[in-house]
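Novice: okay, predicted coordinates and the sequence, questions at the end:
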Amino acid sequence: MKKITKETYLQWYEDMSFWRKFEDKLAAVYIQQKVRGFLHLYNGQEAVLAGALHAMDLSKDKMITAYRNHVQPIGMGVDPRKVMAELYGKATGTSHGLGGSMHIFSKEHGFYGGHGIVGGQIPLGAGLAFADKYFNREAVTLTFLGDGAARQGSLHETLNLAALWKLPVVIIVENNGYAMGTSVARTASHQDIWKLGLGYEIPCGPVDGMNPVKVAEGLTEAIDRARRGDGPTFIEMKTYRYRGHSMSDAQHYRTKEEVEEYKKIDPITQVLDVIKKEKYATEEEIKAIDKRVKQLVSECEKFAEDSPYPEINVMYDAVYEQSDYPFLPHKL
């Protein structure tokens, strides 16, 4: 595994703080109706992404996930201004404002979505891995899903073929405890989702998804295995979300006390505690990081606010490859 250094911790703190504040800003502008539709926020789960990025080779590895997908492309290198513009539905967004919250995408940076269909991205992730194996690219695809998608047939079909063909894919369940409002305990006769990999004889196990070090360790092993040609790994990241499933979630299924208990192991706090304990940064340096984070979030908001909405013809240009598609209106 790549060494975890002082610089790693400082980068983790700045990145995770920015992701948290970015999502907080989206929640604020959503209430103002500047962002429409569904909005699924990542607050609390940042250690999964931070640890994953440390383990990946961003020059060739890929990532695909579900609809809680705003900060992953930022971590992969996408300009956060463009991500926020996409959520605003603006022409400067990652998909010209046509994808919105659930469909952020950037082939250039190895981020393949953002998928609104529950479990729909799982076989697509295996497909990306199949292509990499076919063309000998020595790349690995990290395929993320939520605990609710673990009960979809698409996962089991994918596990079967990934094992059979030894695909270079790591399939990761971000188990935040609730599929929308349904607890894991109410969806199956057991709560250890990682055990689903046993039926396909795939290396599998649980990982502490609140600690980026544990995430990096678990994923480094899995990615190395895939890159060697030894096939897939199935991992259950045990994490937690501090906000509701989406902005429309009243969260009646859990108590405020439960949320507060999990905030005691907030991944950002865990990283900051190490920074302070090891004296990796002074209080002034930490404040400088916080200031940079706040400034960048403001820049993202201003960029999105000032950007124009897409012209109506862009919708057709982006959707239809065939220029003489017969069902296009004659006049736009």
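Specialist: Received, thanks.
Novice: got the buried residues for stretch 250-267?
Specialist: For stretch 250-267, burial by neighbour count (16 or more other C-beta atoms under 10 Å) applies to Tyr253, Tyr262, Asp266, Pro267. To be clear about C-beta, it is placed using only N, CA and C from the backbone, and glycine gets the same treatment.
Novice: phi, psi of the last one?
Specialist: Backbone torsions for Pro267, taken as degrees, to the nearest 10, come to phi -60, psi -30.
Novice: name the helix or strand for the closest residue to it other than its chain neighbours, please.
Specialist: Once flanking residues are discounted, Pro267 sits nearest to Ala47: 3.5 Å by C-beta to C-beta, 6 or more residues apart in numbering. Here Ala47 sits within helix 46-55, counting by DSSP states H and E.
Novice: next SSE after that helix?
Specialist: With secondary structure assigned by DSSP H and E, helix 46-55 is succeeded by strand 62-64.
Novice: so which residues make contact with that next one?
Specialist: Here strand 62-64 makes contact (C-beta atoms under 8 Å, 6 or more residues apart in numbering) with 52, 56, 72, 76, 110-113, 115, 121, 124-125, 128, 132, 139-144.
Novice: out of the residues you listed, list just those in strands.
Specialist: Members of the contacts of strand 62-64 lying in strands (criterion: DSSP state E): Thr141, Leu142, Thr143, Phe144.
Novice: for Val48, see how far away the last one is.
Specialist: Phe144 is 8 Å from Val48, where distance means C-beta to C-beta, to the nearest Å.
Novice: find residues that contact each of these two.
Specialist: What both Phe144 and Val48 touch, as defined by C-beta under 8 Å, 6+ apart, is the set Ile172, Glu174.
Novice: before we move on, back to that, packing partners of the helix holding Ala47?
Specialist: helix 6-31, helix 71-76, strand 169-175, helix 212-228, helix 267-277 (3 or more C-beta pairs under 8 Å, 6 or more residues apart in numbering; DSSP states H and E).
Novice: buried deepest among the ones you listed, which one?
Specialist: strand 169-175 (a mean of 28; mean count of other C-beta atoms under 10 Å).
Novice: that one pairs with which strands?
Specialist: Strand pairing for strand 169-175, determined by DSSP bridges: strand 141-146 (parallel), strand 233-238 (parallel).
Novice: okay if I get those as CSV plus distance to Ala304 and mean neighbour count?
Specialist: As requested, the strands paired with strand 169-175 are exported to CSV (distance: least, C-beta to C-beta, whole Å; neighbours: other C-beta atoms under 10 Å):
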stretch, distance to Ala304, mean neighbour count
strand 141-146, 25, 26
strand 233-238, 30, 25
